[in-house]
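Participant: coordinates only, sequence not included:
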């Protein structure tokens, strides 16, 4: 697959019925290996291992209803009270991060109303802190550690 701007980890990839599949630790099952899934699995590992996000507070493929249509957020991070705090949107490494990607994640946020939006194609990662009082967002220089989320909102 692709070399990403994310740490390597012990990946579980196998072939089954002629398809290459990768183990998703969060969903506890093998899923089809696509370029986007490659990014997702590496990014989730990065959040858990390097940014200290509790695995039990992260969910992949979270369904939501937007304008009577079912959509799926790639990853949602919750706080310890089960409130959504972060939406993460992944793209394949060859897909550039554009305004269209931010518009997509912003639509999901109309439902979840989270504090942070993250977009990654495995090569570039962007994190925005939402400020609903001022109706603005601020790009952060890096992905925050889990324990620092609340301090960034002050």
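Facilitator: Yep, that arrived. It should be emphasised that the depicted structure is a prediction, and the values quoted were computed from it without experimental measurement. Numbering: from 1, shown residues only.

Participant: Strands of the protein, start to end?
Facilitator: Under the criterion DSSP state E, strands of the chain are mapped to 13-16, 19-24, 29-32, 58-66, 69-78, 84-90, 116-120, 125-131, 136-140.

Participant: buried set for the third one?
Facilitator: The neighbour-count criterion (16 or more other CB atoms under 10 Å) identifies residue 30 as the buried residues of strand 29-32. All C-beta atoms are positioned from the backbone trio N, CA, C, and that covers glycine.

Participant: partners of it in the sheet?
Facilitator: Sheet pairing of strand 29-32 (DSSP bridges) gives strand 19-24 (antiparallel).

Participant: List the contacts of the partner strand.
Facilitator: Here strand 19-24 makes contact (CB atoms under 8 Å, 6 or more residues apart in numbering) with 11-15, 29-33, 37-38, 40-41, 60.

Participant: Let me know the distance separating the closest residue to residue 22 other than its chain neighbours from residue 8.
Facilitator: Excluding the flanking residues, the one nearest residue 22 by CB to CB, 6 or more residues apart in numbering is residue 33, at 4.4 Å. Distance of residue 33 to residue 8, given as CB to CB, to the nearest Å: 16 Å.

Participant: who's more crowded, the two?
Facilitator: residue 33 (19 against 9; other CB atoms under 10 Å).

Participant: Next one: the more buried one relative to residue 67, how far apart?
Facilitator: 31 Å.

Participant: and if you look at residue 147?
Facilitator: Distance from residue 147 to residue 67, by CB to CB: 36 Å.

Participant: ditto for residue 148
Facilitator: Distance, residue 148 to residue 67, by CB to CB: 34 Å.

Participant: How about the contacts made by the residue nearest to residue 22?
Facilitator: 1, 13, 19, 20, 21, 22.

Participant: pLDDT value on the first one, please?
Facilitator: The predicted local confidence for residue 1 comes out at a pLDDT of 73.
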